[in-house]
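Participant: Sequence plus the predicted model coming up.
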Amino acid sequence: MLRTLCAGAALALLACSFVLLPGVAAADTAADTVASAIAQSLPEAQKLLSRSAITHGAADALKQVYVSAGGAPLWSHQGEPSAAARALLGELRDADAFGLRAQDYAGAALTHDLDTLPPGGIQRAQALGRFDARLSAATLRFIADLHFGRVTPAAAGFKLQQPPEPFDMTQALRSIAQASDVDGAVTAVEPAFYHYKLLKDALGLYRKVAQQHAHELAPLPPLRSSVKPGDAYAGAAALRRRLELFGDLPPLEHAGAGDVFDADLSAGVKKFQGRHGLNADGVLGKGTLAALNVPLAQRIRQISLTLERWRWLVPFKTPPIIVNIPQFQLFAFRTTEDRVADILQMHVIVGRTFANTQTPVFEGDMRYVVLRPYWDVPYSITRKEMLPKIHANPGYLARQHLELVNGQGDNSPVVPPTPENLELLAAGKLRLRQAPGEDNALGLVKFMFPNSYNVYLHSTPAHQLFRESVRAFSHGCIRVSDPLGLATLVLKDAPGDWTREKIQQAMNGTATSQRINLTRPINVLILYATALATEGGPVLFFEDLYGYDRKLEQQLGLAPAR
């Protein structure tokens, strides 16, 4: 509130300055009239700014850009709108192409103002001044939304620790106004990530399909039972066309019989299933049909929401590890460039969808790795899950290699499971842990990035769960499918010459836990994106596992896509 009031006062002072300067009060030249109209229009133009844009300095930039230019217009010269102004208006009118909302930037209204300028005289100069101030304000909002996003990560429930890098809003506005290539100048304010660009390109493809082929995307006929190759299906022709439109099936000159679900259709369905996180068996079942019938507007919305989240990230200073929760996938970067060739990928298991077991979205720094770890059973799991089993079966503790421990360290004494000690365990005065080994719930390695959620990466003895397409089975921690590969990458510079063979030997040996500190922390980002573009072309979509897309829609004031 204080910032807004101060900015408003500064704008008022700027307006007064044009009245007090010699030669301006009379407004006896067109240039002076434009400058005076700009100054007088700035307070009203500021209303085009959003709260988010003001937070990122747009109000100050709106004042400063004219102060530094002596009140001269940015978007016209000698009574004529600049080519940059006309090009930028096209960008604002088509802001949906960036995953934004065109109505937020007044592009249509500003275009109308430009097209209806008076032919000359003082009225034209005054209109140009009003237009200049309003276009600058709309552009600053556009810049802020493209660079920072419209919602803060914290408001969306994401705990990202890296603050945004310094960004000069005034200079960004000036650069666009002076650009011979406005499209390039706008691109310069967007996130520099390669996969952001790929996803924005994918948005263009999906919008084009929506505009040109919406009539071909009516819901496919319902199923009585799953359709396998060779079966009849009344929607076979429509299904084939849908798969062709999105690249899951190449256009065929001699397609199969109209109502037959043939081998080609099955192959296309299999590719579609792989892109949408489904079991890729090539069979048209109810789950696959539901995904095929998702409205195209919803897919476009998923892309737009993911672009918003990309804007929250700062450039990588060191190679990070990223987990995308809805994709159930981990990406361990070997460089700071987001190129697939430089990334180790693997399946992961994340938290179940219950409120108290969801994997949080946050950022941390991995500082050490533990080989053959103990599993310190969280008190909530001890009380709700373990104690009933212990009381029901006296042999449960020994069979699961569980121990009652008096103290917080690995060297704390183990105490016998007497009735008295079980009461102390229930009261939280003793703790329960599982001894290291292949059947340990954490597997043979855990990767620690200390955080308030007590969430970390670890291996698991339940290898069969990685074969599931939806892998939300944990209490919040993240289980990795290739722990040896991840450990080899993470420990490559750690003291002790930790080769892949040495790590494997230590993981499968008989020694107790071994902690290895990293030479340099590794940034770990637990993120949430329901749409991703691949370097090969296909766009991947995932279910809104925890409902974060719905929440972000509400925060952006968007009605559900249909």
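Facilitator: Perfect, thanks for sending it. Numbering: from 1, shown residues only.
Participant: Spell out the residue ranges of the helices in the stretch 251-400 of the chain.
Facilitator: Assigned by DSSP state H, counting those that start in this stretch, the helices in the stretch 251-400 of the chain fall at 263-275, 286-292, 296-310, 379-381, 387-392, 396-399.
Participant: Give me whichever of those helices is most buried.
Facilitator: Mean neighbour count (mean count of other CB atoms under 10 Å) peaks for helix 296-310 among the helices of the stretch 251-400 of the chain, with a mean of 22. Using the backbone N, CA and C atoms, a C-beta is placed for each residue, glycine as well.
Participant: Just the buried positions in the biggest helix by length in the chain, please.
Facilitator: Longest helix of the chain, by residue count under DSSP state H: helix 121-148. Neighbour counts over helix 121-148 (16 or more other CB atoms under 10 Å) mark 124-148 as buried.
Participant: pLDDT (mean, whole number) over that helix?
Facilitator: Across helix 121-148, the average pLDDT comes to 97.
Participant: Tell me which other helices or strands that helix touches.
Facilitator: If contacts are counted by 3 or more CB pairs under 8 Å, 6 or more residues apart in numbering; DSSP states H and E, helix 121-148 sits against helix 30-45, helix 51-55, helix 58-68, strand 76-77, helix 83-93, helix 107-115, helix 169-177.
Participant: Only C-alpha atoms, please: export the first one in PDB.
Facilitator: Coordinates of the C-alpha atoms in helix 30-45 are reproduced here as PDB (Å, rounded to 0.1, in the frame of the first residue of the first chain):
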ATOM      1  CA  ALA A  30       3.300  19.500 -30.500                       C
ATOM      2  CA  ALA A  31       6.200  17.900 -28.700                       C
ATOM      3  CA  ASP A  32       5.500  19.800 -25.600                       C
ATOM      4  CA  THR A  33       1.800  18.900 -25.800                       C
ATOM      5  CA  VAL A  34       2.600  15.200 -26.100                       C
ATOM      6  CA  ALA A  35       5.000  15.400 -23.100                       C
ATOM      7  CA  SER A  36       2.400  17.300 -21.000                       C
ATOM      8  CA  ALA A  37      -0.300  14.800 -22.000                       C
ATOM      9  CA  ILE A  38       2.000  11.900 -21.000                       C
ATOM     10  CA  ALA A  39       2.600  13.400 -17.600                       C
ATOM     11  CA  GLN A  40      -1.000  14.000 -17.000                       C
ATOM     12  CA  SER A  41      -2.000  10.500 -18.100                       C
ATOM     13  CA  LEU A  42       0.500   8.600 -16.000                       C
ATOM     14  CA  PRO A  43      -1.700   8.300 -12.900                       C
ATOM     15  CA  GLU A  44      -4.600   6.900 -14.900                       C
ATOM     16  CA  ALA A  45      -2.300   4.700 -17.000                       C
END
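Participant: any idea of the angle that helix forms with helix 58-68?
Facilitator: Relative orientation of helix 30-45 versus helix 58-68 (axes from the mean of the first three to the mean of the last three CA atoms, to 10 degrees): 170 degrees.
Participant: how far is the longest helix of the chain from where the chain is centred?
Facilitator: 30 Å (CA atoms, centre = their mean, to the nearest Å).
Participant: Also stretch 183-201?
Facilitator: With CA atoms, centre = their mean, you get 14 Å for stretch 183-201.
Participant: Just the buried residues of that stretch, please?
Facilitator: Neighbour-count burial for stretch 183-201 flags 185, 186, 189, 190, 191, 193, 195, 196, 198, 199, 200 (criterion: 16+ other CB under 10 Å).
Participant: And for stretch 62-81?
Facilitator: Counting neighbours by 16+ other CB under 10 Å, stretch 62-81 gives 62, 63, 64, 65, 66, 71, 73, 74, 75, 76, 81 as buried.
Participant: State the distance spanning the first to the last residue of that stretch.
Facilitator: For stretch 62-81, the first and last residues are 19 Å from each other (CA to CA, to the nearest Å).
Participant: which outside residues touch that stretch?
Facilitator: For stretch 62-81, the external contacting residues (CB atoms under 8 Å, 6 or more residues apart in numbering) are 7, 10-11, 14, 17-18, 30-31, 34-36, 38-39, 42, 45-46, 49, 82, 84-85, 114, 117, 120, 124-125, 128-129, 131-133, 135-137, 140, 170, 173-174, 177.
Participant: Please compute how far that stretch lies from its chain's middle.
Facilitator: With CA atoms, centre = their mean, you get 36 Å for stretch 62-81.
Participant: now do stretch 351-369
Facilitator: On CA atoms, centre = their mean, the centre of stretch 351-369 falls 16 Å from that of its chain.
Participant: Give me the mean pLDDT for it.
Facilitator: Stretch 351-369 carries an average pLDDT of 96.
Participant: Mark out where each domain of this protein begins and ends.
Facilitator: 2-190, 199-298, 316-373+440-562, 379-435 (automatic domain parsing).
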